[in-house]
Structures are given as C-alpha cells and as structure tokens.
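Student: I would like the atomic coordinates for the input below:
(one chain, ligands or ions: 1)
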Amino acid sequence: MSNSTLHQVWPESAADSPEHKALAALRAQIDAVDDQLLELFQKRLDLAGQVGRAKDAPTGPHTKLRPDREKAVLAHVHGRAAAPHKEAVTGLWREIVGWGLAQQGQLKVQVWSPNEPARAFDGARQRFGRAADIRMVQDAEAALRFASDGGGVAVLAVNNDTPWWIGLRKEWAHLSVFEGFGGEVPSAFAVGPIDPAALPGGRRVVVSAGGDAGDGAGARRWGLHTHHGWTLALTEARIAPGGPEGCVGAVG
Ligand SMILES: O=C(O)C(=O)C[C@]1(C(=O)O)C=C[C@@H](O)C=C1
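Tutor: Okay, here's the model as predicted:
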C-alpha cells in the first residue's frame, strides 16, 4: 500500500475531527483523574504504614492482618458503590487493602491443595492480592508450622486424607481459621495467627469431637467433614473462638 493510499484512508485532517477532539478531551479527563487517584492511593499507602506501626499486633504472636477491619472496609465501599460498579470496586479494594497490608510487611501465603491446586491458588490470589507472596506447598503440616512460626498464613484444602483441622484443637490451637474459599460450603480455609479480636464476624468454624458442634437451639450448621470422630463444621451460633464448644475461627 502506497503512502498516497494511506493518506486517503486516514487523512491528516482526522486529528482535527470532532471525534478525535472528543476522544482527546475524554483522555485528558482520565489523565486528571489518574493524577488524583495516584495521589490518594499513595496517601492511603502511607496511612496504612502508619497504622501498622500504631496497632498492637504483632507485639504479641499475631500477624498484622485484620480480617474484621478488611471486611468492614470492603463492605463500606461495596455499599457506597453504584450497582454496575460493585464488582469492580470490590475487586480493586481487595488489591488496595492488600497493598496497604504490604506496607506493614509482605504477607506470605502457603497454599496446600493436592486435588485442586489452581483453584486454591486463584482463591488465595483473589483474597490476598498481587502484593502477597503466594506459594503452593506439598505438606499441610509444614504450612501450619510456617503459620505458627510467624511466617505468614496457610490456605488449606478440606481433603479426605489429611484432617489438618483436628490440629487446630491440639498443637495448632493458637492458629485461627479466618477465611473460607469456594462459596457457601468452603473447599479450603485460610488459617493464621490472627488476633482473636480481629476475626471476621461471620459464621463460626467448629472442630468438635463426636460430631456435635454444640450449637444453640435453632442455629444453622453445615457439617463439612468428619475424620476419626472429629467433625469440621460451620455454624451460625454466636460462640466464642477458643471456647469450650471447639470454635477455631470464623469466616467472613
Ligand atoms: O486497619 C488496619 O489495621 C490496617 O492495617 C489497614 C488495612 C487497610 O489497608 O485498610 C490493611 C491491612 C489490614 O489487614 C486491615 C486494613
């Protein structure tokens, strides 16, 4: 194709066309909004860094991650967002909060899911964002030890052969479940040394001997798995983490 043909298809005067001017004006508005967003995002990052220094954790053995606060932040923006933008806003804020947490130290996540590794990895990435260092591991016990030693958090699949949740009532009693992945009946859980005061206020996760979650009358309960007489369940009963009913955490 010769230059003269090109000129015919896309004449120089197109730069002055009303369509081009309208496009350029819209892009100029986007540039201005980007400048504002950039300033506000960096301000938020700085504030998150200050929050990290101000809050107590981890003067104790807990991580800086505050699931209750993250849930409140996400609910707030989701509630304020216009209906067509709610999904986009929620996804973006997950990332924003992930980068906020990263100002306090990069979150490390070990994911164990022998049957559905890609699904579990994707769930972890969506939940903790690009800022987190997320790795697949081969050993659920090692992932729990990693979390217990303060290395980060573990995402563990509910798997027939490895009833890791029983350990939450035994050697890993200081770790808490704080997130479920896979919908109403989770197929994996996030576990970490979360300050019990910072657990999300959703359904409680219960690990009980003999299959009785000890619910109050009328509270809904989802049995997830039973192994050697130990049952993993979710309940709507308002029981206290660490209490005698076998509550090992909560999912948002
Ligand atoms: O509020 C806090 O504790 C924060 O650290 C800030 C922030 C956020 O960016 O909003 C970041 C990480 C926490 O897990 C919760 C919220």
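Student: contacts, neighbours, all on C-alpha from now
Tutor: Noted.
Student: near the ligand, which residues of this structure show up?
Tutor: Ala48, Val51, Gly52, Leu65, Arg66, Pro67, Arg69, Glu70, Val97, Gly100, Leu101 (CA under 6 Å from any ligand atom).
Student: Please pull up the helix or strand immediately following whichever strand or helix holds the last one.
Tutor: Meaning Leu101. Assigned by DSSP states H and E, Leu101 belongs to helix 86-102. Following helix 86-102 in sequence order, the next helix or strand is strand 108-112 (DSSP H and E).
Student: For that next one, output the C-alpha coordinates as PDB.
Tutor: Written as PDB, here are the backbone C-alpha positions of strand 108-112 (Å, rounded to 0.1, in the frame of the first residue of the first chain):
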ATOM      1  CA  LYS A 108       3.500 -14.700  52.800                       C
ATOM      2  CA  VAL A 109       0.900 -17.400  52.000                       C
ATOM      3  CA  GLN A 110       1.500 -21.100  51.700                       C
ATOM      4  CA  VAL A 111      -1.300 -23.000  49.800                       C
ATOM      5  CA  TRP A 112      -1.800 -26.700  50.100                       C
END
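Student: when you check the residues of the chain next to the ligand against the helices, which ones overlap?
Tutor: Among the residues of the chain next to the ligand, DSSP state H puts Ala48, Val51, Gly52, Pro67, Arg69, Glu70, Val97, Gly100, Leu101 in helices.
Student: Which residue in these has the weakest pLDDT?
Tutor: Across these, the smallest pLDDT goes to Gly52, namely 90.
Student: Leu232: which of the ones in helices among the residues of the chain next to the ligand is nearest?
Tutor: Checking these against Leu232 with CA to CA, the nearest one is Pro67 at 21.0 Å.
Student: now the stretch 151-252 of the chain, which segments are flagged as low pLDDT?
Tutor: Within the stretch 151-252 of the chain, the stretches with pLDDT under 70 are 211-218.
Student: Taking it, what residue is nearest to the ligand?
Tutor: As assessed by CA to the nearest ligand atom, the ligand sits closest to Ala198 within the stretch 151-252 of the chain, at 9.1 Å.
Student: Contacts made by stretch 194-213 with the rest, please.
Tutor: 57, 62-63, 65-69, 71, 165-166, 168-169, 175-178, 226, 229-239, 241, 245-252 (CA atoms under 8 Å, 6 or more residues apart in numbering).
Student: circling back to that earlier point, may I see the residues of the chain next to the ligand organised as CSV, with distance to Asp149 added?
Tutor: Listed next are the residues of the chain next to the ligand as CSV, based on distance: CA to CA, whole Å:
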residue, distance to Asp149
Ala48, 24
Val51, 23
Gly52, 20
Leu65, 15
Arg66, 18
Pro67, 19
Arg69, 24
Glu70, 23
Val97, 24
Gly100, 23
Leu101, 19
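Student: If you go by neighbour count, which of those residues are buried?
Tutor: When the residues of the chain next to the ligand are checked for burial by 16 or more other CA atoms under 10 Å, the buried set is Ala48, Val51, Gly52, Leu65, Arg66, Pro67, Glu70, Val97, Gly100, Leu101.
Student: of those, closest to Gly152?
Tutor: Minimum distance to Gly152 across those is 9.5 Å, recorded for Leu65 (CA to CA).
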